[in-house]
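In: quick check, what structure comes out for this input:
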Amino acid sequence: METKSRYEVISELEGKKRNLIREREGFDKLLLTQKKELKELKREVEDKEEEIKDFEDSMEHSKTTISELINSVDDSLKRFTELNSKKS
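Out: Purely as a prediction, here's the structure:
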C-alpha cells in the first residue's frame, strides 16, 4: 500500500479545492453565455415572425400580379393560335 506524505495530501486537497473554485466561478460565465444565446434566439424568432408577417402582407398582391401575368400569357397564346389558324 502506498503512503503519502502530509505535503502530498495537502497539495492534492489544495488542487481539488482550486478546481472546485474554478468550477463554481465558471457557473456565472456559463449562465451569462446561456442568457446571451437565449436573447439572440429570441431576436431571431422576432425577426422571422416579422419576415412572415411581411410575406403575408404582400402575398395577395403577388398572387394577383401572377394571375394577371398568367392571363397575359394565355391571351398571347390565344392570339398566336388564331394567327396560325388564319395562315393555314
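In: count of neighbours near D47?
Out: For D47, the neighbour count with other C-beta atoms under 10 Å is 10. All C-beta spots, glycine's among them, are computed from the backbone N, C-alpha and C.
In: gap between it and E56?
Out: 15 Å (C-beta to C-beta, to the nearest Å).
In: same deal with G15?
Out: From G15 to E56 the distance is 60 Å (C-beta to C-beta).
In: and if you look at R6?
Out: 74 Å.
In: check contacts around K42.
Out: By C-beta atoms under 8 Å, 6 or more residues apart in numbering, the contact list for K42 is empty.
In: show me where pLDDT drops low in the chain?
Out: Residue ranges of the chain with pLDDT under 70: 1, 88.
In: can you pull out the strands in it?
Out: Read by DSSP state E, the chain holds no strands at all.
In: taking the centroid of it, which residue is nearest it?
Out: E44 (6.1 Å; C-alpha atoms, centre = their mean).
In: gap between that residue and K35?
Out: Taken as C-beta to C-beta, the span from E44 to K35 is 15 Å.
In: do K86 as well
Out: 75 Å.
In: those two: who's more crowded?
Out: K35 (10 against 7).
In: ok, now how distant is the more buried one from E82?
Out: Taking C-beta to C-beta, one finds K35 at 69 Å from E82.
In: before we move on, what about D54?
Out: On the measure of C-beta to C-beta, D54 and E82 end up 42 Å apart.
In: L20 too?
Out: Taken as C-beta to C-beta, the span from L20 to E82 is 89 Å.
In: ok, now K53?
Out: For K53 relative to E82 (C-beta to C-beta), the value is 45 Å.
In: next one: R24
Out: From R24 to E82 the distance is 85 Å (C-beta to C-beta).
In: that concludes my questions; thank you for your assistance.
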